[in-house]
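>>> need the 3D shape of this:
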Amino acid sequence: MKPIEISPGLRETVPALIIGALQANVKVEESPRELVDLLNREAENIREQESIEDIAALPAVKDTREAYKALGKKPARYRVSSEALQRRIIQGKGLYFINNAVDITNLISIRSGFGICLYDADKIQGEIVFRIAGEGETYRGIGKYDLNLKNLPVFSDEIGPFGSPTSDSERTMIRNETKNILFKIVSFSPNSNMEKWLDHSRELFEIFATGVGFEKQVLY
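Numbers count the residues shown, from 1 in each chain. Purely as a prediction, here's the structure:
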């Protein structure tokens, strides 16, 4: 497992922070029909049972929004990925399917409400620190513009920031040739059931991405 630490400044500002991580070898390919069906059923349940207002009130989403406010970032402009995805579903914009690893991550995201991050572990250089981004720090978000990272909680390595619960970077994104993944659940909730979500995630990667060689870490 690549070493991860939480910076003292971030820990002091959002003391309820918990990070769960899995590292594993996987086979990245088009999602099988069973996984696509799971995602579509989950999306249908959200459309039938939730409203835009309900999403912001979900405990995992609400706690993340409060954490972003404490860090000085507007949560309505820099939404956690789980909130953004659920809003997309309710607005009728539909799901997008990328590959099995990314689609598993999206399934966990909408089921849990937590910010979920997924990286090509071989693109990460050295030790990982989860910290508060400083003035002028940016990266190209996946399918997005250059993201203004200032005051966002970001994962950073020797090269610089590469991911956050809002949007991950192109540098460490999952590609067809990716073999070694680093999967993270970021919770700002005191009662996260982190072990349960990590076990569920591992099961999905085993079933739908031939996941093997799992290593697990939880940072409180």
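
>>> surely Pro75 is in a helix?
No: assignment of Pro75 by DSSP: H, G, I helix; E, B strand; the rest coil gives coil, placing it outside any helix.

>>> now do it against Glu50, distance only.
Look at Pro75 and Glu50: by C-beta to C-beta, to the nearest Å, they are 18 Å apart. For the C-beta atoms, the positions are set from N, CA and C on the backbone; glycine is no exception.

>>> what do you get for Thr105?
On the measure of C-beta to C-beta, Thr105 and Glu50 end up 20 Å apart.

>>> cool, and Arg202?
27 Å.

>>> host element of the closest residue to Leu204 other than its chain neighbours?
Leaving out its chain neighbours, the residue that sits closest to Leu204 by C-beta to C-beta, 6 or more residues apart in numbering is Ile104, at 4.7 Å. Here Ile104, judged by DSSP states H and E, is contained in helix 100-112.

>>> now Tyr139
Per DSSP H and E, Tyr139 falls inside strand 138-140.

>>> strands paired with that strand, and their directions?
Strand 138-140 has the following sheet partners, assigned by DSSP bridges: strand 146-148 (antiparallel).

>>> so what strands line up beside the helix or strand following the strand it pairs with?
Going down the chain from strand 146-148, the next helix or strand is strand 153-156, by DSSP H and E. Note on strand 153-156: by DSSP bridges, its sheet partners are strand 128-132 (antiparallel), strand 161-163 (antiparallel).

>>> immediately after the last one, which helix or strand?
So that's strand 161-163. For strand 161-163, the following helix or strand on the C-terminal side (DSSP H and E) is strand 180-187.

>>> so which elements touch that following strand?
Judged by 3 or more C-beta pairs under 8 Å, 6 or more residues apart in numbering; DSSP states H and E, the packing partners of strand 180-187 are strand 18-25, helix 59-71, helix 100-112, strand 115-120, helix 194-209.

>>> which of the residues in that strand are buried?
Residues of strand 180-187 classed as buried by neighbour count (16 or more other C-beta atoms under 10 Å): Asn180, Ile181, Leu182, Phe183, Lys184, Ile185, Val186, Ser187.

>>> from those, pick the one nearest Gly9.
Val186 (16.2 Å; C-beta to C-beta).

>>> now do the phi/psi pair for Pro165.
Phi and psi for Pro165, reported as degrees, to the nearest 10, are phi -70, psi -10.

>>> related to what we said a few turns ago, so which of the strands paired with strand 153-156 gets nearest Asn193?
Comparing these under C-beta to C-beta, the one sitting nearest is strand 128-132, at 20.0 Å.

>>> can you give the contact residues for the closest one?
Outside strand 128-132, the residues that touch it by C-beta atoms under 8 Å, 6 or more residues apart in numbering are 2-7, 9-10, 13, 17, 19, 71, 151-157, 186.

>>> same check on stretch 211-220?
1, 4-6, 18-26, 194-195, 198, 202, 205-206.
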